[in-house]
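> The amino acid sequence is not available; the structure is as follows:
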Ligand SMILES: CC(C)(COP(=O)(O)OP(=O)(O)OC[C@H]1O[C@@H](n2cnc3c(N)ncnc32)[C@H](O)[C@@H]1OP(=O)(O)O)[C@@H](O)C(=O)NCCC(=O)NCCS
């Protein structure tokens, strides 16, 4: 299918309802929208890290959230990383590059901010195209016993191999 021309930018207050509605429809349950609302304005929110994709009419057709997460090393030292998700593109425009645009912009932002690593739980077949690999290969353990192929991480330029340990998500994710 033809790539869709979209504008990607950080969310604005006027987008909040549309973002919630997008997740409610794409996931057919309220959990993702509640996570987005829970992160917004919290200490784990990232300035400019809630990205929306708009179509030519200005409608929100995609959203990708980054939030602050932590990797707790064996020595108890905590280092900040970014967690990606929830991530949704409206069903009628999926497969036209909107998700990839959002992902690339988020990776660029994390790189500019000096974030060493971004982690996510997601489809094994989609994320490796952006450079993600199974996080356990890097010594990054998930907060719950998630499958290797779904628990993924992307090393960014400021990554160093001593970044190892167990991942902790912001409280609204309710994953421990
Ligand atoms: C995952 C999602 C955000 C990707 O956005 P998108 O705009 O459809 O993705 P793109 O157009 O950039 O990429 C399309 C490619 O990804 C693949 N793809 C899309 N969703 C996929 C999925 N859930 N699993 C595996 N591959 C997927 C398509 O087959 C296509 O592959 P190709 O390029 O080899 O043909 C979107 O499909 C979506 O909202 N899915 C439902 C919700 C979801 O699963 N969210 C992620 C978990 S939080």
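Done, it's in. On a predicted model such as this, the values are computed, not experimentally measured, just so you know. Numbering: from 1, shown residues only.
> Next to the ligand, which bits of this structure? Give me the list.
By the rule Cβ under 6 Å from any ligand atom, the part of the chain lying against the ligand is 26, 85-89, 94-100, 122-123, 125-126. C-beta: built from backbone N, CA, C; applies to glycine.
> which regions of this structure lie under the pLDDT threshold?
Counting by pLDDT under 70, the chain shows no low-confidence range.
> residues near the residue of the chain found nearest the ligand, how many?
The nearest approach of the chain to the ligand comes at residue 99, 2.2 Å away (Cβ to the nearest ligand atom). Residue 99 has 19 neighbours, counted by other Cβ atoms under 10 Å.
> Regarding it, which helix or strand does it belong to?
helix 98-112 (DSSP states H and E).
> And for the next helix or strand after that helix, what's in contact with it?
Using DSSP H and E, the helix or strand that directly follows helix 98-112 along the chain is strand 117-121. With Cβ atoms under 8 Å, 6 or more residues apart in numbering as the test, strand 117-121 has contacts from 66, 69, 71, 81-85, 87, 106-107, 110, 127, 132, 135, 138, 140, 142, 146, 150-156, 159, 163, 167.
> please redo it, this time with the cut-off set to 7 Å
Residues from elsewhere that reach strand 117-121 (Cβ atoms under 7 Å, 6 or more residues apart in numbering): 69, 81-85, 110, 127, 135, 140, 146, 150-156, 159, 163, 167.
> Please apply the same query to stretch 130-146.
71, 103, 107, 119, 121, 148-149, 151-154, 164-169, 175-176.
> Any quick ChimeraX command for the buried ones out of the contacts of strand 117-121?
A single ChimeraX command selects the buried members of the contacts of strand 117-121 (16 or more other Cβ atoms under 10 Å):
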select :69,81,82,83,84,85,110,127,135,140,146,151,152,153,154,155,156,159,163,167
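> re the thing from before, among the contacts of stretch 130-146, which are in helices?
Judged by DSSP state H, helices contain the following of those: 103, 107.
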